[in-house]
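Q: Quick one, what's the 3D model for this:
(one chain, ligands or ions: 2)
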Amino acid sequence: MQQTLIHNIKTIFGIIQNSSTKIKRGAEMAVLESLDNAWILIENGNIKGFGSENSKPEINNQCKLIDANQGYVIPAFVDSHTHIVFAKSREEEFVMRIKGKSYEEIAEAGGGILNSAKRLQEMSEDELFAQAMHRLNEVIKFGTGAIEIKSGYGLTVDDELKMLRVIKRISNESPITVKATFLGAHAFPTKYKQNRQGYINEIIHVMLPQIAEQQLATYMDVFCDKGFFSVEETEQLLIAAKLYGLKPKIHGNELGYTGGVQVAVKHHAISVDHLEYTGNEEIECLLNSETIPVALPNCSFFLGIPYAPLRKMIDAGLPVCLASDYNPGSSPNGRMGFVISLACTQMKLTPEEAINAATINAAAALELSDTHGSITVGKVGNVIITEAMPSLAYLPYRFGNNTIAKVIINGSEIK
Ligand code: NIG
Ligand code: FE
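A: Ligands and ions are numbered 1, 2, ... in the order given. The predicted structure is shown next:
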């Protein structure tokens, strides 16, 4: 029996006693349950118990002791939306945007996703794996304790399968839970620009059967937006994906009021992500659904586009989730701590709301509510220990700084 005792904790935040709480909606998001002067015991990788310093738990003599040095403990982050398998950075497009070009103009001229696809097609599976694993290990050190990774820079049968095999290998070798999403419908490859249905047929009749047969993905994503996939095209793809057992997670409403939210809800998507263009109609639609809205503030920060109106969404009673969108085009940074700071400064979430959005609600967006996202007996022992700090608000307040002292995954400290 492998035991780890974290002691001398100033406060544990993010406790959920009742394991039937899977997600926090609206006003519930303002509350982050806590316990002062505490310890947490992790046994065989899972949380065995927690309590006050005056009630010491039973430990064996091999128990690893971790001194929190009066720091706080919060659940490790869940990053429910990333594209960390990619071949090359795209800082030349960053400079083009500084000089006035828009994300859409760059994409139309063959840059953007197509640029990343060309690079990825040229790179070996081993090299892609090594680079993505490096990125993953880096974000784990910054507190990510479960992650979703999308394909979508292959855009040919062979290269989409190659990306998904890389994600599977990462999942096998990583200490954290990895969920794979098939995003073949990320952009139309140049050779299909005049024959969009040809590419959709290739996804439906060639890619999906092989992905299902080789069990390479849990979810199917479509970039349903202006200049990318239309609502009708998205529907065709989601209907086909369902036949192969892949559940929808949609990129929607990043570039306009394009119906992405409505199509996601209609097809019972697990989540709809981006949402920079979300009005009353979209909010109403989400309120009558189980689809989780996910915001990606790094993308707004980096591309200079509007932020999703999360304050309005929470006030309307919705549960909201935050993710990094780590990718070379719109978010070359996967640190969840920075995402939380942006949510506070730009979207007016309180620190408690932002942490709930990146932990318990993020776990729900990956269907990991039973195992991740809170300090609950029986969940995995993935926690962040902060430096000693004056209050919880100090965490997002110190934006861009690393105030995390230790990251514990399955009860072991990540070095
Ligand atoms: O989530 N918007 C679509 N996809 C990615 C960016 C892809 C890229 O530019 O490489 C996103 O922002
Ligand atoms: Fe994305």
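Q: Now the terminal residues of stretch 390-399, how far apart.
A: 15 Å (C-alpha to C-alpha, to the nearest Å).
Q: Lys415: neighbouring residues, count only.
A: 6 (other C-beta atoms under 10 Å). In this view, the C-beta of every residue, glycine as well, is placed from N, C-alpha and C.
Q: Around ligand 1, pick out the residues from the stretch 151-300 of the chain.
A: For the stretch 151-300 of the chain, the contact set with ligand 1 under C-beta under 6 Å from any ligand atom comprises Phe223, His251, Glu254, Cys299.
Q: For these, which single residue is the most surrounded?
A: With neighbours taken as other C-beta under 10 Å, the top of those is His251, carrying 29 neighbours.
Q: Leaving out the residues flanking it, which one is nearest to it?
A: Using C-beta to C-beta, 6 or more residues apart in numbering and skipping the chain neighbours, the partner closest in space to His251 is Phe223 (4.3 Å).
Q: Packing partners of the helix or strand that neighbour falls within?
A: Assigned by DSSP states H and E, Phe223 belongs to strand 219-224. With contacts taken as 3 or more C-beta pairs under 8 Å, 6 or more residues apart in numbering; DSSP states H and E, strand 219-224 sits against strand 177-185, helix 231-243, strand 247-252, helix 260-266.
Q: Show the contacting residues for Thr371.
A: Thr177, Ala363, Lys379, Val380 (C-beta atoms under 8 Å, 6 or more residues apart in numbering).
Q: Now do the first one against ligand 1, distance only.
A: Just to be clear, that refers to Thr177. Using C-beta to the nearest ligand atom, to the nearest Å, Thr177 is found at 21 Å from ligand 1.
Q: And for the second one?
A: Shown here: Ala363 relative to ligand 1, a distance of 20 Å by C-beta to the nearest ligand atom.
Q: Would you mind giving the secondary structure of that residue?
A: Secondary structure, DSSP: H, G, I helix; E, B strand; the rest coil: Ala363 is helix.
Q: who touches it in this structure?
A: With C-beta under 8 Å, 6+ apart, Ala363 has these contacts: Val78, Ala146, Ser369, Thr371, His372, Gly373, Ser374.
Q: ok, now with 6 Å
A: Val78, Ser369, His372, Gly373 (C-beta atoms under 6 Å, 6 or more residues apart in numbering).
Q: Apart from its neighbours in sequence, what residue is nearest the most centrally placed residue in the chain?
A: Among the residues of the chain, Ser80 comes closest to the average C-alpha position under C-alpha atoms, centre = their mean, at 2.2 Å. Leaving out its chain neighbours, the residue that sits closest to Ser80 by C-beta to C-beta, 6+ apart is Ala365, at 4.0 Å.
Q: Also Ile239?
A: In this structure, Ile239 finds its nearest non-sequential neighbour in His267, 7.8 Å apart by C-beta to C-beta, 6+ apart.
Q: tell me the pLDDT at that neighbour?
A: Model confidence at His267, given as pLDDT, is 98.
Q: circling back: how far out from the middle of the chain is the strand holding Phe223?
A: Going by C-alpha atoms, centre = their mean, to the nearest Å, the spacing between the C-alpha centre of strand 219-224 and its chain's C-alpha centre is 14 Å.
Q: same question, stretch 266-283
A: The answer for stretch 266-283 is 16 Å, by C-alpha atoms, centre = their mean.
Q: now Ile283: how far from ligand 1?
A: To ligand 1, Ile283 is 21 Å away according to C-beta to the nearest ligand atom.
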